[in-house]
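Peer 1: here you go, sequence then predicted model.
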Amino acid sequence: MVRALLALLAVASLLRAAPVLAQEVGDTYCVGGYEGTPPGVVAACDMPAVRVMHEDWHYHCWVTNGQECFVCFDEEDSTCESKFLRRNQGTWSRADPYECARLFGERHGAANVVEHVINGEPVKPPPGPPPVQLEAKVERISPGPYTTGDTVTAVGAVRDEQGALRRVTGGTFRVTDASGHVTEHPGTVQPDGTVEARFTLPATSSARIEFVPVGLPLAPGETLRAAASEARELKVEVCGFRARVVRPAVHEALVAGQSTSLSARLFDAVGQVPVSTPPAGLSLAFTVQVEGEPPTTLSADGALSAAWTPPASPKPREVRISAGGRAGDRVVCPAGEVSATVSDLGLGFDTSDLPRTCYVGLPCRGAVRLVRPEPGASRQQVDSLLANPKVEARMVDTGQERYRGAPKADDRYEFLATYTEVGAASWSLVFQTPKGPVAMPAHEVQVRPQLKLELQAELDFGTVAAGTPVTGACQTLDFSQSQGAEEHRWELRAEGLEGCQARPVLYFRNALNQDDVRGLAPSLGIDALDPQARRLEICLEVPRCAGEVSPDPAVLRVVPLTPEFKAQEKTVRLRWKVEGRNFLGCYGAWVWSSLALLGFGVVLAGFTQPARFPPGASIRVAGSERGIRQSAAILLQACPGSAPGFYRDARLGVHGDGDVNGRTRNAPILLRATRGAGVVLTGTGPLEQQERRTLKWEPVTDLARGHVPSPSVLYRAGGTYFKVEL
């Protein structure tokens, strides 16, 4: 959200080629509506139809009439305050975008210009634009060749049919590898309104990169051609070497129109070990990208050098230079890009030490370093120019001159101011020379209120039953009484948890609208708070069974990561009591499910374990010895009641009348199936068996414990004769 606001605050002149309709002096400002949710919005006063009337147009502050909020733009001055607000005291007052978000929510008025004044004269709101089709584009990808693991920088933008840039509040880069797998990388809004992201190339042979803008305001009659840009195709290869640009140097100032030497050195595949002798078949080229112009490719000679003449640049512009190519069948990948500056006078500005945000009541400081060309003819020319007594340097802070005088010997110009109100400042450094002015691009600084962190003294989770789900034990870490909390990054650290099984976690809904939890020990970083819901849900992961009480040292440390406010770190006491559960309460589900499974196994075994009669086992029964020879064999499994029972082996009774069936209560002889012998004879008897050689009848003595019948033996029980055949 903060990055989105930076996009709103930055100044980038759209349609620079268009004629300026009014001289940028005097009583000039614009108050208008906006599109989106504050503070990440695009204002009506920043739409192309208004911006074309102003060259040095920038956001200055938010204002309110008590019913809704608006955004005020002015020139390199503060006429939003000095003219508009003072003229309308009692009706209009300053507003804070975050408070606007909380009080009024989302508004859609990007075409609504409330008041527009140029040089004291009201300007009618411009008519609605004719139908315009906007298009998302991948503006730039850091030059290749590429290999897996390379870090690629991609820049996306939305432009109209004339190429004018349209601001967005965010954007994502969609990367599709050769297998079709898609990853998305959120980008950061840049001061000029483009979106930039850095990501690592996956292991693949090719990649397609698309830019998907987020929060694009559409004025009446405007449409977006497609939700995503056309894809840029990248070929991903295996690097054999790396080429590093060694001339020009990083941040070097180049003179437009003067030939500049480009030089590179060759390194191994990881860019560490220099390659002294270029490999056979080496073909190297420099890619030169001047801000606002298409890239240029220059072939390198055998010494890995090339000559390039920078184009005319009345104002300093960034130049990015890289080198890459091939060496036979091997690829030479760039070892990064070198960023330099080009201008007609050879002056550049290093603004890396300038802040983007300052705070009301605190000193706001930053430094600009004037960059001169490297020693040589161009350097002598620049040194001579700056030594001219007619050259004057001016430092301007939002219309107020902070310095006027001769160029400083150390080329360092320091801004220092303390602001009393929320808004935006515009810093600029201008050199008036006999050859014309040279100005650094206006640097916008948003002025925000100081952080005042207010949190509750403790988070008491109360008494929680062991095994409670994480969402069942939550407390709100409330930032609502704090000032500016939503504008900072945070670190949460849970400490003093030694010996605890319970753990505090952050609970939230992720981008896929799914429940997500993140641990707070040892620490967790928070990028931003929701400005309309300044709170975090802290929940407790409790043990499944054991009980415990939070120790006295258990605390949550809330640390702002903004250096100016690290001293405002707060310590929030953590309290909880976990009630343990008895054995059944803790393991009951497991115990009962185990018992149920065991019971099912017992029942299943009761039906499957009992022995059955062998399929071919049979019996012959007759009333006499002679009748056995004439009787038919009866399969035991075919006899009534021959099936086994629940935990009961199959058994049949041989009755005195010659019947064989499942009634065994009064049967003198029983046939019982066994797993080992197949069939055994038991019963009360008496039972006799005929000795095969003597044909004499002898009593069966082991009937009580189970007699294993022999297929060739004839048995007699009273007047019933039978043979068992297996």
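Peer 2: Right, received. Where do you want to start?
Peer 1: in this structure, mark out all the helices, start to finish.
Peer 2: Remark: helices assigned in the chain by DSSP state H are 2-9, 48-51, 79, 86-87, 97-104, 377-387, 583-608, 625-630.
Peer 1: pick out the shakiest of those, pLDDT-wise.
Peer 2: Out of these, helix 2-9 stands lowest, with a mean of 34 (criterion: mean pLDDT).
Peer 1: let me have the helices of the chain in TSV, extended by distance to residue 322.
Peer 2: Backbone N, C-alpha and C define where each C-beta goes, glycine included. Below are the helices of the chain laid out as TSV (distance: least, C-beta to C-beta, whole Å):
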stretch	distance to residue 322
helix 2-9	26
helix 48-51	33
helix 79	44
helix 86-87	52
helix 97-104	39
helix 377-387	22
helix 583-608	62
helix 625-630	108
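Peer 1: distance to residue 721 and mean neighbour count for the ones you listed - can I get that in a markdown table?
Peer 2: Compiled in a markdown table, the helices of the chain are given as follows (distance: least, C-beta to C-beta, whole Å; neighbours: other C-beta atoms under 10 Å):
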| stretch | distance to residue 721 | mean neighbour count |
| --- | --- | --- |
| helix 2-9 | 105 | 21 |
| helix 48-51 | 118 | 19 |
| helix 79 | 130 | 22 |
| helix 86-87 | 132 | 12 |
| helix 97-104 | 106 | 20 |
| helix 377-387 | 131 | 15 |
| helix 583-608 | 35 | 11 |
| helix 625-630 | 5 | 12 |
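Peer 1: mind checking which of those helices is nearest residue 234?
Peer 2: Each of the helices of the chain has some distance to residue 234 by C-beta to C-beta; the shortest is helix 2-9, at 25.7 Å.
Peer 1: just give the nearest non-adjacent residue to residue 147, would you?
Peer 2: On the basis of C-beta to C-beta, 6 or more residues apart in numbering, the spatially nearest residue to residue 147 that is not a chain neighbour turns out to be residue 239, at 4.2 Å.
Peer 1: the one you found: what's it in contact with?
Peer 2: Residues in contact with residue 239, defined by C-beta atoms under 8 Å, 6 or more residues apart in numbering, are 145, 147, 269, 330, 331, 332, 333.
Peer 1: for the residue lying closest to the fourth one once chain neighbours are set aside, give me the pLDDT.
Peer 2: Using C-beta to C-beta, 6+ apart and skipping the chain neighbours, the partner closest in space to residue 330 is residue 240 (2.9 Å). Residue 240 is assigned a pLDDT of 91 by the prediction.
Peer 1: the helices of the chain: which one's closest to residue 183?
Peer 2: Across the helices of the chain, residue 183 has its closest neighbour in helix 2-9 (20.3 Å, C-beta to C-beta).
Peer 1: the strands in the stretch 1-150 of the chain, which residues?
Peer 2: Assigned strands in the stretch 1-150 of the chain, in chain order: 29-32, 34-37, 40-43, 58-64, 69-74, 93-95, 107-108, 113-118, 121-122, 132-141, 146-147 (criterion: DSSP state E, counting those that start in this stretch).
Peer 1: so what secondary structure elements neighbour the third one?
Peer 2: With contacts defined as 3 or more C-beta pairs under 8 Å, 6 or more residues apart in numbering; DSSP states H and E, the packing partners of strand 40-43 are helix 2-9, strand 34-37, strand 69-74.
Peer 1: what mean pLDDT does the shortest one have?
Peer 2: On average, the pLDDT along strand 34-37 is 78.
Peer 1: sheet partners, orientation included, of that strand?
Peer 2: If you go by DSSP bridges, strand 34-37 pairs up with strand 40-43 (antiparallel), strand 107-108 (antiparallel).
Peer 1: from those strands, which stretch is densest packed?
Peer 2: Among these, ranked by average contacts under mean count of other C-beta atoms under 10 Å, first place goes to strand 40-43 (a mean of 27).
Peer 1: from the middle of its chain, how far away would it be?
Peer 2: In this view, strand 40-43 has its centroid 24 Å away from the chain centroid, taken as C-alpha atoms, centre = their mean, to the nearest Å.
Peer 1: may I have it as PDB, with CA atoms only?
Peer 2: Presented in PDB, the C-alpha positions along strand 40-43 are these (Å, rounded to 0.1, in the frame of the first residue of the first chain):
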ATOM      1  CA  GLY A  40      -3.200   4.000  -3.300                       C
ATOM      2  CA  VAL A  41      -5.100   6.100  -5.800                       C
ATOM      3  CA  VAL A  42      -4.800   7.900  -9.100                       C
ATOM      4  CA  ALA A  43      -6.100  11.500  -8.900                       C
END
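Peer 1: avg pLDDT for that strand?
Peer 2: This predicted structure assigns strand 40-43 an average pLDDT of 79.
Peer 1: pLDDT weak spots in the stretch 201-350 of the chain?
Peer 2: 219-220 (pLDDT under 70).
Peer 1: show me where it has strands.
Peer 2: 206-214, 222-224, 232-237, 239-247, 253-255, 260-267, 282-290, 296-299, 305-308, 317-327, 330-334, 338-343, 348-353.
Peer 1: could you do the stretch 451-600 of the chain as well?
Peer 2: Taking DSSP E, counting those that start in this stretch as the test, the strands found in the stretch 451-600 of the chain are 458-465, 474-478, 490-495, 503-509, 515-519, 524-526, 535-541, 548-549, 555-560, 570-579.
Peer 1: mind showing which ranges of the stretch 401-550 of the chain have poor pLDDT?
Peer 2: Per-residue confidence for the stretch 401-550 of the chain (pLDDT under 70) gives these ranges: 511-512.
Peer 1: cutoff 80 now
Peer 2: Residues of the stretch 401-550 of the chain that meet the criterion pLDDT under 80 lie in 510-514.
Peer 1: got it, and the stretch 1-150 of the chain?
Peer 2: With pLDDT under 80 as the threshold, the stretch 1-150 of the chain has low-confidence stretches at 1-26, 35-41, 48-49, 103-111, 125-130.
Peer 1: repeat the analysis, applying 70 as the threshold.
Peer 2: Residues of the stretch 1-150 of the chain meeting the criterion pLDDT under 70: 1-25, 106, 108, 110-111, 125-129.
Peer 1: which of the contacts of residue 239 are buried?
Peer 2: 145, 147, 269, 331, 332, 333 (16 or more other C-beta atoms under 10 Å).
Peer 1: which two among these are spaced furthest apart?
Peer 2: Of all pairs drawn from these, the one with the largest separation by C-beta to C-beta is 145 and 269; the distance is 11.8 Å.
Peer 1: list the contacts of residue 100.
Peer 2: Residues counted as contacts of residue 100 (C-beta under 8 Å, 6+ apart) are 38, 39, 62, 64, 69.
Peer 1: how far away is the nearest residue to the third one once chain neighbours are set aside from residue 44?
Peer 2: Closest residue to residue 62 in three dimensions, ignoring its sequence neighbours and counting by C-beta to C-beta, 6+ apart: residue 95, at 4.2 Å. Using C-beta to C-beta, to the nearest Å, we find residue 95 at a distance of 16 Å from residue 44.
Peer 1: neighbour count for those two, which is higher?
Peer 2: More neighbours sit around residue 44 than around the other of residue 95 and residue 44, counting by other C-beta atoms under 10 Å; the figures are 27 against 23.
Peer 1: so the more buried one touches residue 112, yeah?
Peer 2: Yes - in this structure residue 44 lies within contact range of residue 112 using C-beta atoms under 8 Å: 5.4 Å.
Peer 1: need the residues touching each of these two.
Peer 2: Counting by C-beta under 8 Å, 6+ apart, the residues touching both residue 44 and residue 112 are 32, 33.
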